[in-house]
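>>> Sequence and predicted structure, then a few things I'm wondering about:
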2 protein chains.
Amino acid sequence: MKKEFIVTPWETKGKIDYNKLVKEFGLQYLKNLPQSLKESLLFRRDIIFAHRDFNRIIDCIQNKKPFIMMTGLMPSGKFHFGHKIIADQIILYQKLGAKIYLAVADLEAYNSRNPNLQELRKIAIEEYLLNYIALGLNIKKCDFYFQSARSKNAEKSNSYYRLIGMLSRHATFNEFKAIYGDINPGKMISSLIQASDMLHPQLSQFEGPLPTLIPVGADQDPHLRLARDLSQRIKEFKFIQLSSTCNKFIPALNGDKMSSSDPTSYIALTDSPEEAAMKIKKYAFSGGQPTIEEHRNKGGNPDIDSSFQLLKFGLEESDHKLEEIYSNYKNGSLLTSELKAIVIEKLASFLKNHQKNRERAKKELTNLDL
Amino acid sequence: MKKEFIVTPWETKGKIDYNKLVKEFGLQYLKNLPQSLKESLLFRRDIIFAHRDFNRIIDCIQNKKPFIMMTGLMPSGKFHFGHKIIADQIILYQKLGAKIYLAVADLEAYNSRNPNLQELRKIAIEEYLLNYIALGLNIKKCDFYFQSARSKNAEKSNSYYRLIGMLSRHATFNEFKAIYGDINPGKMISSLIQASDMLHPQLSQFEGPLPTLIPVGADQDPHLRLARDLSQRIKEFKFIQLSSTCNKFIPALNGDKMSSSDPTSYIALTDSPEEAAMKIKKYAFSGGQPTIEEHRNKGGNPDIDSSFQLLKFGLEESDHKLEEIYSNYKNGSLLTSELKAIVIEKLASFLKNHQKNRERAKKELTNLDL
């Protein structure tokens, strides 16, 4: 049976059936969320749709116990609304008391994409980190690092890299093949580095054993399965099993595939309001009907409409307003051009504000010793 | 065609035909050695029997130009006369001006043998390093490190581990299979760590590009082939191609297989003269004839006699005396018991002296911050 969609760390295509992923990946649906999480639209709107061992983190949040949130970034192309989903989660958990670990997956990028570490460093800082800070990350309370140079403290660095070497004893080729499909030495090592990224905060040189949350996009789930399996085999360390949540993808603007090399497939957080407006007008895939008359009669389909998705994934904070737009679009009283106008206005206001925050963040960055 | 001997990093068995290895591994025979090398019996007696790009190192020695000698030790069992061949070379090249890098292959040991890093550390220091120092290594002029904790300087550590991650991009599974035969993730990572061991002294954080010699036992040659191949593919660094020499193995005392777990297969440098004498008398495989009469008539075979090999590999420094013993044994005028008596006496004198040096070395060790 040919699969109608593919979700792996190296390829995502087709219309994703997230319920199938839950089953296939062995995930759990979210329930009994505390108020502090329901306040985030990502949870409210089911954008974060599944988890593994997340109750351990909920317990920490509710009882104000320490926990770690770790995530990584792949320095590639522009920072866009797809990336913002993870940034929003980092900031959310930081506010909820998590100790944040933020890895630049530059060795993974070197092994799979761009073999220029200098360039990767520049992209990571100027494109990603800057936007994180502008969105509200407190960088001073965050362990931000590069896979290629873990720490300025040798003991910490050594323990992180030692763990990578040790984890390899506990892995087999067959499980790499089963988890990833196609595999080569560079990818294999990248997975072990990622496993160390996720587990090393629990080493004694860092926080020691603590509940650790890894929020991921659905495509990154295989890395997590490997890290969880390995963590329980390496008995020298008393790793608390990793918790994770899994989030949906924001669809490509043009309805096609989101790609860093195709700026018509996304809105970047550095796009000017004018550029963003042009992209929405010209490229945003519409769920509306071909003619105004037809639209008034049959109504549009917000679920496949890229402009509407931008509202849903965060531009429109109010659930009430979002539902209103949804039903008006569906019943045909709201036209595609009107929906796009709402989105363009929301985007303009968000981008203007964000770009002001970026200027502030730039100043903050120059004072950092990265 | 079934091979009559096997020489790989994980298995050595059968009677080794070193000329076949030269051909199979693509090695060169040694020639035009300078006097300073011929002074070592390892070269004089063809124990070091082949090389790759060794002329670059000869040039450094003759013209007093800087060069690096790097080697590793696998912390496993007792330090015996088999290990001494590499120790002798380290000390030789240190005297000839080489900057010495000495790696404890503890991550490799973790991945293939003993998964107790604490124990491996203890063995490496108390069993190996102590004997190196007692044999004449100037530890203060030597970069001694563990794969599991490269340096106390974070920049150095990071650059060493970064190189491991980067090298993986330039390797393929097929070449691991071709070079090593059987392979698993732990072995694969060990090979890449070893490649970084051999190459990282040339990084800017260490010595920068310099001729680098890796003296190895024949079984370790595959690691060298991989490191040489990778070094020329990773264009970001201007690695000078690695030079190597290859040495023969000292045969197992009992004529069987030398094994750390079988103390009758070797003389350890910590054996007492009495233990050593007992082992020679009881276990040393003899090239002599079954009866004295037969021995007088047919003569013995020193080439397969384990006691004689101990003399040849270093206990008897004088070529003249060694030749005399060789021909007397061969023509039957020297009996097995007489040959063994010579070896026992030589061993007693060597071990007594060495163990005195070990006491001195212990004091030196306590002052080191490893």
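Sure, I can see it. Numbering: from 1, shown residues only, chains lettered A, B, ... in the order given.
>>> Within range of chain B, give me the residues from the stretch 51-200 of chain A.
Residues of the stretch 51-200 of chain A lying near chain B by C-beta under 8 Å from any C-beta of the partner chain: A:107, A:110-111, A:115, A:117, A:147-159, A:161-162, A:164-166, A:168-169, A:171-173, A:176, A:183-186, A:188-190, A:192-193. No exception for glycine: its C-beta is placed from N, CA and C like everyone else's.
>>> Run through the residues that contact A:I68.
A:98-101, A:201-202, A:207, A:210-213 (C-beta atoms under 8 Å, 6 or more residues apart in numbering or on different chains).
>>> Take those residues and keep only those in strands.
A:99-101, A:212-213 (DSSP state E).
>>> Save the residues you listed as a markdown table, and put in neighbour count and pLDDT too.
Shown next, in a markdown table, are those (neighbours: other C-beta atoms under 10 Å in any protein chain shown; pLDDT from 0 to 100):
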| residue | neighbour count | pLDDT |
| --- | --- | --- |
| A:K99 | 19 | 98 |
| A:I100 | 21 | 98 |
| A:Y101 | 23 | 98 |
| A:T212 | 29 | 98 |
| A:L213 | 26 | 98 |
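>>> And those residues, which is closest to chain B?
Set against chain B, the nearest of the ones in strands among the contacts of A:I68 by C-beta to the nearest C-beta is A:Y101 (17.0 Å).
>>> Give me the nearest residue to the closest one, chain neighbours excluded.
Leaving out its chain neighbours, the residue that sits closest to A:Y101 by C-beta to C-beta, 6 or more residues apart in numbering or on different chains is A:M70, at 4.0 Å.
>>> tell me the SS of that neighbour?
Under DSSP: H, G, I helix; E, B strand; the rest coil, A:M70 falls in the strand class.
>>> How many neighbouring residues does it have?
23 (other C-beta atoms under 10 Å in any protein chain shown).
>>> hang on, isn't it packed against A:A195?
No. The pair A:M70 / A:A195 is not scored as a contact, 11.3 Å apart, by C-beta atoms under 8 Å.
>>> For A:T12, see how far away A:G82 is.
11 Å (C-beta to C-beta, to the nearest Å).
>>> okay, those two: which has more neighbours?
Set side by side, A:G82 and A:T12 show more neighbours around A:G82, with 19 against 16, by other C-beta under 10 Å.
>>> so who does that one touch?
Counting by C-beta under 8 Å, 6+ apart, A:G82 touches A:249-250, A:258, A:266.
>>> Now rank the residues you listed by neighbours and give me the top one.
With neighbours defined as other C-beta under 10 Å, the most crowded of the contacts of A:G82 is A:Y266; it has 25 neighbours.
>>> wait, that one sits on A:H83?
No. Counting by C-beta under 8 Å, A:Y266 does not reach A:H83; the two are 9.1 Å apart.
>>> which element is A:S337 on?
According to DSSP states H and E, A:S337 maps onto helix A:336-366.
>>> Counting neighbours, which bits of that helix end up buried?
By 16 or more other C-beta atoms under 10 Å in any protein chain shown, the buried positions in helix A:336-366 come out as A:336, A:339-344, A:346-347, A:350-351, A:354, A:357-358, A:361, A:365.
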